[in-house]
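> pasting the sequence and the predicted model now:
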Amino acid sequence: MAEVAELVGVSVIRGSAELLADIDWQINESDRWVVIGPNGAGKTTLLQVLGAHLHPTGGMVDLLGEILGATDVFELRPRIGMTSAALADKVPRGEKVTDVVVSASYAVLGRWREEYEELDHERARELLDQVGVAHLAERTFSTLSEGERKRVLVARALMSDPELLLLDEPAAGLDLAGRESLVGTLSRLALDTRAPAQVLVTHHVEEIPLGITHALLLRGGRIVASGPLRETLTDANMSETFGLPLALTESDGRWAARAVPNGSARFTRRTAAR
Ligand SMILES: Nc1ncnc2c1ncn2[C@@H]1O[C@H](COP(=O)(O)OP(=O)(O)OP(=O)(O)O)[C@@H](O)[C@H]1O
C-alpha cells in the first residue's frame with residue numbers, strides 16, 4: 001500500500017502556544033480520513049502542514065515522498081488539492097466559476113495571463129459536472145450560494161489531479177438540504193477507488209461521508225485517538241475529545257452524536273480513572 005504522507009513527532013509552536021504536539025500519523029493511498037475536534041483543537045493547523053503551507057516547528061513531515069523543509073513547496077503544492085473557507089475568501093470578485101477551477105492547474109487564484117489548453121477547460125467542465133454545478137460554469141463566483149461555492153472549490157481541488165485531497169470543513173454553514181446533498185457528493189468521491197487519498201476536517205460526525213475509512217480525533221493540539229473509523233469513533237474517545245459525555249449512533253454508514261443526559265457523573269468517573 002503506497003504511503004502518501006507521514007508525520008513523525010510533529011509540533012507547531014507560536015509564541016508560548018503549542019498549536020500541535022507529538023503528532024504521529026501515516027496516510028496511505030486508499031485512506032479516507034476524517035479529522036474531528038472542537039474549536040481551536042488544531043485541525044486547520046494540521047491541514048496547513050499537510051498542504052505544505054506551514055512548516056512545523058519540530059518533527060518530520062514526508063509528503064508524497066518529499067521531506068518538508070528539504071523540497072520546493074511550489075512544486076509540491078499542485079500535487080495536493082485543498083478546499084477551505086480561507087481559500088474561498090481569496091477568490092477575486094468577478095472571477096468566473098470555470099476560471100476558479102481551471103486556474104488550479106497553475107496553483108494560482110485569479111486568472112491573469114496564463115494560457116490554458118482546451119483540454120484544461122474540458123476537464124474543469126467535467127469536474128463541475130461531477131460535483132453537480134456544471135450549469136453554473138459561466139456565472140461569477142461571488143454570486144453563488146454558500147453550498148454552490150463549496151462544490152466549485154471541491155472541483156477546483158480536483159483540477160490538478162492531486163495525489164492527496166484536503167477538505168477543511170466542506171459542509172460548514174450549509175442548511176440541512178445543502179449539507180446532505182454535499183455529503184452525498186463527498187460520499188461518491190470517498191467511495192471512488194480511483195480518487196486520491198482524502199482528509200476531511202469537521203466538528204460534526206453527521207458530516208462524515210460514506211466511504212471514510214479512518215478517523216483522527218484531536219484536542220488541544222494532541223491526538224486523542226486515531227485509526228480505523230469504527231474502532232476510533234467510540235463514545236469514550238469522542239467524549240474525551242469534546243470534554244462532554246457523548247453517545248454516538250451509526251445507521252447505514254451515517255453517524256450522529258448527542259450529549260448523554262445526566263451522563264456527566266459517569267463521564268467524570270471514566271476520565272478520572274485514566
Ligand atoms: N499565530 C498564532 N499564534 C497563536 N495562536 C494561534 C496562532 N494561530 C492559531 N492559533 C491558535 O491555535 C489553535 C488552533 O487553531 P486551529 O485554527 O488550527 O484550530 P481548529 O481546530 O481548526 O479550530 P476551529 O474548529 O475553530 O476552526 C487555536 O487556539 C488558535 O487560536
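The structure has been received and is ready for your questions. Residues are numbered from 1 along each chain as shown.
> and the stretch 1-150 of the chain, which residues reach the ligand?
With C-beta under 6 Å from any ligand atom as the criterion, the stretch 1-150 of the chain meets the ligand at residues 14, 15, 17, 19, 37, 39, 40, 41, 42, 43, 44, 45. For glycine as for every other residue, the C-beta is placed from the backbone atoms N, C-alpha and C.
> just give me the neighbour total for the first one.
Neighbours of residue 14 under the rule other C-beta atoms under 10 Å: 9.
> tell me the phi and psi of it?
Main-chain torsions, residue 14, degrees, to the nearest 10: phi -130, psi 110.
> so what sits opposite it in the bridge?
Listed beta-bridge partners, residue 14: residue 17 (assigned using DSSP bridges).
> any regions of the stretch 51-200 of the chain where pLDDT drops low?
Low-confidence segments of the stretch 51-200 of the chain, defined by pLDDT under 70, span residues 106-116.
> for it, what spans make up the strands?
Listed in chain order, the strands of the stretch 51-200 of the chain (DSSP state E, counting those that start in this stretch) span residues 58-63, 66-67, 80-83, 164-168, 197-202.
> got a markdown table for those, with mean neighbour count too?
Supplementary listing: the strands of the stretch 51-200 of the chain in a markdown table, determined by neighbours: other C-beta atoms under 10 Å:
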| stretch | mean neighbour count |
| --- | --- |
| strand 58-63 | 18 |
| strand 66-67 | 14 |
| strand 80-83 | 25 |
| strand 164-168 | 24 |
| strand 197-202 | 25 |
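> make JSON lines from those strands and add distance to residue 224 to it.
As requested, those are exported to JSON lines (distance: least, C-beta to C-beta, whole Å):
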{"stretch": "strand 58-63", "distance to residue 224": "18"}
{"stretch": "strand 66-67", "distance to residue 224": "27"}
{"stretch": "strand 80-83", "distance to residue 224": "24"}
{"stretch": "strand 164-168", "distance to residue 224": "19"}
{"stretch": "strand 197-202", "distance to residue 224": "15"}
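> nearest to residue 211, out of these?
Closest of the strands of the stretch 51-200 of the chain to residue 211 is strand 197-202, at 8.6 Å (criterion: C-beta to C-beta).
> which bits of the stretch 151-274 of the chain sit near the ligand?
Contacts of the stretch 151-274 of the chain with the ligand, taken as C-beta under 6 Å from any ligand atom, map to residue 203.
> for the ligand, give me its nearest residue in the stretch 151-274 of the chain.
Minimum separation of the stretch 151-274 of the chain from the ligand (C-beta to the nearest ligand atom) falls at residue 203, amounting to 5.9 Å.
> re the thing from before, report the buried members of the residues of the stretch 1-150 of the chain next to the ligand.
19, 37, 41, 42, 43, 44, 45 (16 or more other C-beta atoms under 10 Å).
> which members of those are the farthest-apart pair?
Taking C-beta to C-beta as the measure, these reach their widest spread between 19 and 37, a distance of 12.1 Å.
> and the helices in the stretch 1-150 of the chain?
When secondary structure is read from DSSP state H, counting those that start in this stretch, the stretch 1-150 of the chain shows helices at 43-50, 73-76, 85-90, 97-102, 118-130, 146-159.
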